[in-house]
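Here is my input; please provide its structure:
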Amino acid sequence: MATYKGTVGTAVVNYAGNYPGAVKGELWYDSTNKDFKYQYPNVTAAGSWRTGGNLNTGRENTQGTGIQTAALCFGGVPVPRGVTEQYNGTNWSEVNDLNTGRYNATGFGTYTSAIAVGGSGDSGSVANAELWNGTNWTEVNDLSTARSAAAAAGADNTSGLVFGGNVPPASATTESWNGTNWTEVNDLNTARTVLAGDGIITAALAFGGSPPVTGKTEQWDGTSWTEVNDLNTARQYLAGCGTSTSSLAFGGESPGTAYEAKTELWDGTSWTEVADLSSARYLFGGAGASNTSGLAFGGNAPGSPGVSAATEEWTGAGAAIGAWATGGDMNTAKKQTAGAGESSSNGLAFGGENPGTTYLAVTESYNGTNWTEVNDLNTARLLLTGAGHANTNALATGGENGSGNLGNTETWNGSSWTEVNDLNTARRQLAASGASNTAALAFGGAPGPSPTGLTETWNGTNWTEVGDLNNARSDLAGAGTNTAGLAFGGYNPGASVVGNTETWNGSSWTEVNDLNTARAYLAGTGLTNTAALAIGGSPPVRAFTEEWDGISWVEVADLSTARQSAASNGSSTSALVYGGSPPVMVTTEEWSSSSNVVKTLTD
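Next up, the predicted model:
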């Protein structure tokens, strides 16, 4: 008879409480609660769309190839019709144009090995085919049948299929490409145009299209097409991505709905409706490797000017879910404090206030379990800011005490604070970014009754004024480094709470996508300006956490305890938040971008 140890390789562990060393599916005995338990990763049950980087040239009737993090967009209207852009998972970059500008083309391949085929020009449908090698387009042999608004499938520019389209009329013709020539093969069962397709030369999928508007789906096995289960929502002008057994269909136009946002997932047998696009659209481009990872870009969307540059990224079910867990309490309750450190196991808290002491100099260091009091700041203060990606190398600057606003700056070397040169403009309620006590950025805050956009950079010796924030504000948060910073949230000069986000490139600030929830008195952390967290804040007092990926903010798991005027440190995958109010807190929470579900075995 098989035993647990013989099957799993270890005996059942006896542990008081939840066992932190358990691997997926491992059983342990909780001696405190007298239960057998096991755990498994906590993942999303459904997929979702998230904002990506905008195309440089908004367009409709465009086409795409590639995957979510390496995609190609080419052609479309308005003119110029040959514009081509590459996506790196964050931004689109313009590259060399098609030789023959066109719209309603189709294509297949990767962002370094693709083919653009057919489409429409000034004189109607065209047969032109061009190969992309990652740098340039080269004209190759034409399609046998000129057409526009067809669909295609193929792994790269050496082999693929083109099917359907408008000749006119709507066509069922399928052509196979071998890297040199096109050959007619077996037709679709249903002639159609403005359809979508994906897959490779030996296993492809065709779905949707018109006339009439249809949800018909067909699978290609390398020889012929077979009708399979229809889309739930018949539509035309849609986009798709994936394989013949793992595909997405999204957007388009359906009878009675000019702009569709619906997304459907194909599992090789049937279509299932999942989360909608954030922006309904049609006549747009799509790319992606499977039904768990996709990209939608451009198209025609509601409102003026109609033609869109917007990009959305699809992440399917099974993505890790982050969570906050209880950490060790600080020795001194505090709010309006500052912090530094690189992860949930490495933190430094300094300054602030508590009910018994208006201005604190107390400094505490965190080792992943406990806070330990270390040497105090030289100048007690509250409403200061901090920088540094380690609890042994940090910077404290700004704030206020009984004498007014401060420009005082101190550096931490792991054991003590040293006073160095002051900020040029003394202020409170400011934010900072920076990896160490020799390279930091301080921005925003209140030097007087009104917020400022002043930004200063620190080189280890002196502060130098550089370009201001575009949006003056106080009580904001920051993340990143002195050359790649992020500023978000706060109060503007009109005393309104804002969600404005700006990125710093070493010389100037650029406005980017706002927080989903505008707030002030929030905490922020992140080692770069492309991966950060916005935590808590007010008004009212929030538990919200948002994650920044360099393009947009998305809401993730809430804090266990809502708080404002807290401090934070770490990365977007491993972070701490500590202190804050109300009431003034000693509590710490630890963030991990992945978490587990613990289950108890019952009789």
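
Per the annotation, how does the protein divide into domains?
4-41, 48-315, 326-596 (automatic domain parsing).

buried ones in stretch 566-586?
Neighbour-count burial for stretch 566-586, with 16 or more other C-beta atoms under 10 Å as criterion, is recorded at 566-581, 584-585. For glycine as for every other residue, the C-beta is placed from the backbone atoms N, C-alpha and C.

Among these, which lie within helices?
Among the buried residues of stretch 566-586, DSSP state H puts none in helices.

Which ones among the residues you listed lie within strands?
Within the buried residues of stretch 566-586, residues falling in strands by DSSP state E are 567-570, 574-578.

Closest to Glu139 out of these?
For these, the minimum distance to Glu139 (C-beta to C-beta) is 51.1 Å, reached by Ser574.

Bridge partners for the closest one, pull those for me.
Beta-bridge partners recorded for Ser574 (DSSP bridges): Ser592.

what's near enough to touch it?
Taking C-beta atoms under 8 Å, 6 or more residues apart in numbering, we find Ser574 in contact with 343-345, 590-593.

hmm, 10 Å instead?
Contacts for Ser574 (C-beta atoms under 10 Å, 6 or more residues apart in numbering) come out as 322, 342-346, 525, 527, 590-594.

that older thread, mind telling me the two of the ones in strands among the buried residues of stretch 566-586 farthest from one another?
It's Ala567 and Ser574 that sit farthest apart of these, by C-beta to C-beta, at 15.9 Å.

re earlier: and the ones in strands among the buried residues of stretch 566-586 as JSON lines, adding distance to Lys262 and pLDDT?
Below are those laid out as JSON lines (distance: C-beta to C-beta, whole Å; pLDDT from 0 to 100):
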{"residue": "Ala567", "distance to Lys262": "43", "pLDDT": "98"}
{"residue": "Ser568", "distance to Lys262": "38", "pLDDT": "98"}
{"residue": "Asn569", "distance to Lys262": "42", "pLDDT": "98"}
{"residue": "Gly570", "distance to Lys262": "38", "pLDDT": "97"}
{"residue": "Ser574", "distance to Lys262": "37", "pLDDT": "97"}
{"residue": "Ala575", "distance to Lys262": "36", "pLDDT": "97"}
{"residue": "Leu576", "distance to Lys262": "41", "pLDDT": "98"}
{"residue": "Val577", "distance to Lys262": "38", "pLDDT": "98"}
{"residue": "Tyr578", "distance to Lys262": "43", "pLDDT": "98"}
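
Now render those residues as a markdown table, adding distance to Ser144.
Output for those, formatted as a markdown table (distance: C-beta to C-beta, whole Å):
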| residue | distance to Ser144 |
| --- | --- |
| Ala567 | 67 |
| Ser568 | 62 |
| Asn569 | 63 |
| Gly570 | 59 |
| Ser574 | 57 |
| Ala575 | 58 |
| Leu576 | 64 |
| Val577 | 63 |
| Tyr578 | 68 |
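
and the gap between the closest residue to Gly339 other than its chain neighbours and Trp458?
What sits nearest to Gly339 in space, not counting adjacent residues and going by C-beta to C-beta, 6 or more residues apart in numbering, is Ala567, at 3.6 Å. Distance of Ala567 to Trp458, computed by C-beta to C-beta, to the nearest Å: 19 Å.

cool, Ala71 as well?
Noted for Ala71: a distance of 39 Å to Trp458, by C-beta to C-beta.

still on that earlier bit, my guess is the residue nearest to Gly339 contacts Ala575, does it?
No: taking contacts as C-beta atoms under 10 Å, Ala567 lies outside contact range of Ala575: 11.1 Å.

Mutual contacts of these two, please.
341, 347, 523-525, 535.

For the helix or strand hosting Gln86, which helices and strands make contact with it?
Assessed by DSSP states H and E, Gln86 sits inside strand 84-87. Strand 84-87 sits against strand 63-67, strand 70-74, strand 92-95, strand 129-132, strand 293-297, with contacts defined as 3 or more C-beta pairs under 10 Å, 6 or more residues apart in numbering; DSSP states H and E.

Check which residues of the third one are buried.
By neighbour count, and taking 16+ other C-beta under 10 Å as the criterion, the buried residues in strand 92-95 are 92, 95.

and the helix or strand following it, which residues are buried?
Once the chain leaves strand 92-95, the next helix or strand it forms, by DSSP H and E, is strand 106-109. Buried residues in strand 106-109, counted by 16+ other C-beta under 10 Å: 106-109.

what about whichever helix or strand comes after strand 106-109, distance to the chain center?
Using DSSP H and E, the helix or strand that follows strand 106-109 in sequence is strand 114-117. Relative to its chain's centre, strand 114-117 lies at 29 Å (C-alpha atoms, centre = their mean, to the nearest Å).

How about stretch 491-504?
The gap between where stretch 491-504 is centred and where its chain is centred comes out at 21 Å by C-alpha atoms, centre = their mean.

per-residue confidence averaged over it?
Averaging pLDDT along stretch 491-504 yields 96.

and Gly448, what is it in contact with?
Contact partners of Gly448, counting by C-beta under 10 Å, 6+ apart, are 405, 425-428.

show me what contacts the residue nearest to Gly339?
With C-beta under 10 Å, 6+ apart, Ala567 has these contacts: 334-341, 347-352, 384-386, 477, 523-525, 535, 576-580.

cool, and Ala45?
Here Ala45 is in contact with 317-318, 321 (criterion: C-beta under 10 Å, 6+ apart).

Please indicate which of these are buried?
The neighbour-count test (16+ other C-beta under 10 Å) marks Ile321 as buried among the contacts of Ala45.

Which members of the contacts of Ala45 are positioned in helices?
Among these, no member lies in helices (by DSSP H).

Show me which positions of stretch 436-449 end up buried.
Within stretch 436-449, the residues scored as buried using 16+ other C-beta under 10 Å are 436-437, 439-447.

I'd like the mean pLDDT over it, please.
Mean pLDDT, stretch 436-449: 97.

What's the end-to-end length of that stretch?
Distance between the two ends of stretch 436-449: 31 Å, counting by C-alpha to C-alpha, to the nearest Å.

picking that back up, out of the contacts of Ser574, which one sits closest to Ala114?
Closest approach between the contacts of Ser574 and Ala114, by C-beta to C-beta: Ser593, at 33.3 Å.

quick revisit: and of the buried residues of strand 106-109, the nearest to Leu55?
Nearest to Leu55 among the buried residues of strand 106-109: Gly107, at 16.3 Å, using C-beta to C-beta.

can you give me the strands in the stretch 201-350 of the chain?
Under the criterion DSSP state E, counting those that start in this stretch, the stretch 201-350 of the chain contains strands at 203-207, 217-220, 225-228, 239-242, 247-250, 263-266, 271-274, 285-290, 293-297, 311-315, 323-326, 338-343, 346-350.

Now render the buried residues of strand 106-109 as JSON lines, adding distance to Thr223 and pLDDT.
Output for these, formatted as JSON lines (distance: C-beta to C-beta, whole Å; pLDDT from 0 to 100):
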{"residue": "Thr106", "distance to Thr223": "21", "pLDDT": "98"}
{"residue": "Gly107", "distance to Thr223": "23", "pLDDT": "98"}
{"residue": "Phe108", "distance to Thr223": "19", "pLDDT": "98"}
{"residue": "Gly109", "distance to Thr223": "22", "pLDDT": "98"}
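
Let me have the contacts of Ala45 in TSV, extended by distance to Ala127 and pLDDT.
As requested, the contacts of Ala45 are exported to TSV (distance: C-beta to C-beta, whole Å; pLDDT from 0 to 100):
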residue	distance to Ala127	pLDDT
Ala317	41	90
Gly318	42	88
Ile321	49	88
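
Now for Asp122: which residues touch it?
When the contact criterion is C-beta under 10 Å, 6+ apart, the partners of Asp122 are 81, 101-102.

What is the burial count for Ser244?
Look at Ser244: counted by other C-beta atoms under 10 Å, it has 22 neighbours.

Revised request: answer the last question for Gly490.
For Gly490, using other C-beta under 10 Å, the count is 30.

And for Gly306?
Here the number of neighbours of Gly306 (other C-beta under 10 Å) works out to 12.

Contact partners for the closest residue in space to it that isn't next to it in sequence?
On the basis of C-beta to C-beta, 6+ apart, the spatially nearest residue to Gly306 that is not a chain neighbour turns out to be Asn300, at 5.3 Å. The contact partners of Asn300, by C-beta under 10 Å, 6+ apart, come to 58-61, 77, 237, 251, 253, 258-259, 280-284, 306-308.

Thanks a lot, catch you later.
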